[in-house]
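Q: I would like the atomic coordinates for the input below:
(chains A and B)
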Amino acid sequence: MGEPGRDTNPAALALHAISAGYGDAPAIEAVGASFPQGTMTAIVGPNGAGKSTLVKTVVGALAPAAGRIEVFGQPLALARHRLAYVPQRASVDWDFPIRVIDVVLMGLWRELGLFGRVAARHRARATECLALVGMEDFAHRQIGQLSGGQQQRVFLARALAQGADLYLLDEPFAGVDAATEAAIVAVLHRLRAEGRTLVAVHHDLATVTEYFDRVLILNRRPVAEGPVARAFTNAALATAYGGRLPGLPAAAATAAE
Amino acid sequence: MTAAGEFLGFTLVPMLIGTLAAVACAVPGVFLLLRRQALLGDAISHTVLPGIVVAFLLTGRIATVPMLLGAAGAAVLAVLQIQLLIRAGRVEPGAAMGIVFTAMFAAGVLLLERTDTSGVHLDVEHALMGSLESLVWLEARGWSSLADPAALAGLPAELGRMALAAAAVAVLAVLAWRALVIATFDAGFAAVLGLPVAAIGLGLTLSAALAAVAAFDAVGSILVIAMFVCPPAAARLMTERLGPMLAWALGFAVLSAVLGFVLAGHAPLWLGFPSALSAAGMIAVVSGAILGLAALFGPARRRMAA
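A: Modelled structure (predicted):
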């Protein structure tokens, strides 16, 4: 378990015995973890480990069957505005008749509300966020005309527009090209340097050490959690993945046994 | 009766009812199409039949309010059954709708068979085709009738009911627009923003049910189904943006209703046949033809090939 949240400097995200899933069999059970402010954590684990379920539960898209979620020391419902979410790219219909800029403007919901008029300053903010991910030239394209990597960057720009302190990303590098991956990592590292907290479901074990400073290894229950140097061990990965791990990554391979 | 009175009473009023029905169905139809739930309108328009028959059995007559209540009750029951099948039974949404609407329409037909409805316009044919041509304004004597309270009192009740339903659906869509768009495009993200995603979905379904029920006894289920699907689908082929898509859908709905009504009344006579065709059927055919043209020539159809 990570550091307990203190009132003076609470963890950006603290999970207490979270169980959640669809139907009777929970996809995750008794997950407890703590994500300190200003860190960047990878959630890794085999297919079916409940990584996406955990993220959906944290952002409130799925109600937990049991457990408690604290965001900056407050219950989720009170701190929702400090949280941004980048869903899996495959979770939406990219044929939807909408332009890139309008997707990013969705991130300004808290300012605009149901009836607020989209003013020039809102468009400027959205364009700024697009520029941060190198997509400002695509603002008026329909979203279906973009490549997978470009679509992922638009999702990230929408999360940036939310102006959050805690970012949850569900497989931000899935199916994107190398240039996009590098661009996204640069943006995420900049956010971390600004003191924001990032939590990403991540598939590629080979890049965990390079991109992230913390890791949560999950297989329905937490297997290991903490700084990459300490928690990202072959022993923990072998426990989580069982025989399904094709080759253990060389990095951080010194098992702390 | 003057020529103006004849136009008002026998053409304009039924045509207006058909147009309002088309518009009321096309608005929720746009969002149902984008949610890949286009068949929901189909399901609702079929499932209201047993509700209407039950209302007739209970009251013994064709009365507007009990029939609307019965139909609304049946529609809500169907929606709940579909949700139950999807959530509890894990049945694929399209299949769940297909099962529920077929079963409920069949139940309505069985109920009709065991009911003595010989004295009233309540039979399977009526349920399919409606009775647009019979919704006439006999009191129309000329343009002056529009200012005559006694004549206006003779307007068919369906006109006011359909106008109310169309206005309610339009107002709801405008009020909820931004939230509806976000929840339709990305439900997960909408939930993170704190939007009531389930309530928005239910609200859309209920406004579709309102449109379908109001339109059902005036224009029949064939036209209701066509108006839920054809104008929105054709509109999607014309533009890559949501606002213009809604505008195109409304335009196509109005065009289908007006052109279909005129063609049904006159085209057979031009071709030498003695009698007119079903207006509801012709409106549905015209909307299908528009969809066909949009599929062939619409500027946004490129995405289909991609």
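Q: For chain B, what lies in contact range of chain A?
A: B:34, B:36, B:90, B:175-179, B:181-182, B:184-189, B:191-195, B:236, B:239-242, B:245, B:300, B:303, B:306 (CB under 8 Å from any CB of the partner chain). Heads up, the C-betas are built off the backbone N, CA and C, glycines and all.
Q: got any ranges where the chain has weak pLDDT?
A: All of this refers to chain A. Applying pLDDT under 70 to chain A picks out residues A:1-8, A:243-257.
Q: not quite, I wanted chain B
A: Counting by pLDDT under 70, chain B has low-confidence residues at B:1, B:62-64, B:116-122, B:302-306.
Q: got the residue ranges for the helices in it?
A: When assigned using DSSP state H, the helices of chain B occupy the ranges B:3-6, B:13-34, B:39-59, B:64-87, B:93-113, B:124-129, B:149-152, B:157-185, B:187-192, B:197-236, B:242-270, B:279-297, B:302-305.
Q: now could you export just the CA positions of the third one as PDB?
A: Same thing as helix B:39-59. As requested, the backbone C-alpha atoms of helix B:39-59 are provided in PDB (Å, rounded to 0.1, in the frame of the first residue of the first chain):
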ATOM      1  CA  LEU B  39     -35.100   0.700 -34.400                       C
ATOM      2  CA  LEU B  40     -36.300   2.100 -31.000                       C
ATOM      3  CA  GLY B  41     -38.900   4.200 -32.900                       C
ATOM      4  CA  ASP B  42     -40.000   1.100 -34.700                       C
ATOM      5  CA  ALA B  43     -40.300  -0.800 -31.500                       C
ATOM      6  CA  ILE B  44     -42.300   2.000 -29.800                       C
ATOM      7  CA  SER B  45     -44.700   2.400 -32.700                       C
ATOM      8  CA  HIS B  46     -45.500  -1.300 -32.600                       C
ATOM      9  CA  THR B  47     -45.700  -1.700 -28.900                       C
ATOM     10  CA  VAL B  48     -48.300   1.000 -28.400                       C
ATOM     11  CA  LEU B  49     -51.000  -1.200 -30.100                       C
ATOM     12  CA  PRO B  50     -51.800  -3.400 -27.100                       C
ATOM     13  CA  GLY B  51     -52.000  -0.300 -24.900                       C
ATOM     14  CA  ILE B  52     -54.500   1.300 -27.300                       C
ATOM     15  CA  VAL B  53     -56.600  -1.800 -27.400                       C
ATOM     16  CA  VAL B  54     -56.600  -2.200 -23.600                       C
ATOM     17  CA  ALA B  55     -57.700   1.400 -23.300                       C
ATOM     18  CA  PHE B  56     -60.500   0.700 -25.700                       C
ATOM     19  CA  LEU B  57     -61.500  -2.400 -23.700                       C
ATOM     20  CA  LEU B  58     -61.600  -0.400 -20.500                       C
ATOM     21  CA  THR B  59     -63.500   2.600 -21.800                       C
END
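Q: So which bits of it are buried?
A: Residues of helix B:39-59 classed as buried: B:39-56 (neighbour count, 16 or more other CB atoms under 10 Å in any protein chain shown).
Q: buried set for the helix or strand harbouring A:Arg121?
A: Following DSSP states H and E, the helix or strand that holds A:Arg121 is helix A:120-132. Residues of helix A:120-132 classed as buried: A:His122, A:Arg125, A:Ala126, A:Thr127, A:Cys129, A:Leu130, A:Leu132 (neighbour count, 16+ other CB under 10 Å).
Q: So which other helices or strands are in contact with it?
A: Of the remaining helices and strands, those touching helix A:120-132 by 3 or more CB pairs under 8 Å, 6 or more residues apart in numbering or on different chains; DSSP states H and E are helix A:100-105, helix A:148-161.
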